[in-house]
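*Asks:* Sharing a sequence plus its predicted fold:
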Amino acid sequence: QGNMAFAGKYEFESDENYDDFVTKIGLPSDKIEMGRNCKIVTEVVQNGNDFTWTQHFPGGRTTTNTFTIGKEADMETMGGKKFKATVKMEDGKIVAEFPNYRHTAEVSGGKLVEISTSSGVVYKRTSKRIA
């Protein structure tokens, strides 16, 4: 698998527990509607431990987080809040503690699997590799 496992472009395929999760983290209802079954394309550029993680939303909006494993970085949440986090690598998964949820990402079977957990609610998003 190697350490370049994340690099690529992935398109949203399916998710689980979206509504419960976004309600739990306090996303406003307009953002909730916008994100539901949203064909988000996630683009990951990886250079060793340096990552640029961009999410392209339909309609042209993008969110980009740039980080280095093990170093504190400025990040942005799903809802657009800015915060600082130190992203870690655990068992081949990228792990980040967001202000009100824990986020993990891994590449498994050619798919990008992202899991966010907040107070016991687990949101899982699966994206298929398109590039």
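*Replies:* Perfect, I can see it now.
*Asks:* which SSE is the residue nearest to the spatial centre of the chain in?
*Replies:* Nearest to the mean C-alpha position of the chain, counting by Cα atoms, centre = their mean, stands E114 at 5.9 Å. Using DSSP states H and E, E114 sits within strand 111-118.
*Asks:* mind listing what that strand pairs with, with the direction of each?
*Replies:* Partner strands and pairing direction for strand 111-118 (DSSP bridges) are strand 102-108 (antiparallel), strand 121-129 (antiparallel).
*Asks:* would you list these in TSV and tack on mean pLDDT, distance to K31 and mean neighbour count?
*Replies:* (C-beta placed from N, C-alpha, C; glycine too.) TSV is the format used below for the strands paired with strand 111-118 (pLDDT from 0 to 100; distance: least, Cβ to Cβ, whole Å; neighbours: other Cβ atoms under 10 Å):
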stretch	mean pLDDT	distance to K31	mean neighbour count
strand 102-108	95	17	17
strand 121-129	96	14	18
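*Asks:* closest one to A96 among these?
*Replies:* Closest to A96 of those, according to Cβ to Cβ: strand 102-108, at 4.9 Å.
*Asks:* Please work out which residues outside the closest one touch it.
*Replies:* Residues outside strand 102-108 that contact it (Cβ atoms under 8 Å, 6 or more residues apart in numbering): 1, 5-6, 8, 90, 92-97, 112-118.
*Asks:* tell me which residues in the helix or strand bottoming out on mean pLDDT in the chain are buried?
*Replies:* The helix or strand of the chain with the lowest confidence, counting by mean pLDDT, DSSP states H and E, is helix 29-35 at a mean of 84. Judged by neighbour count using 16 or more other Cβ atoms under 10 Å, the buried positions of helix 29-35 are G35.
*Asks:* Many thanks, I have nothing further to ask.
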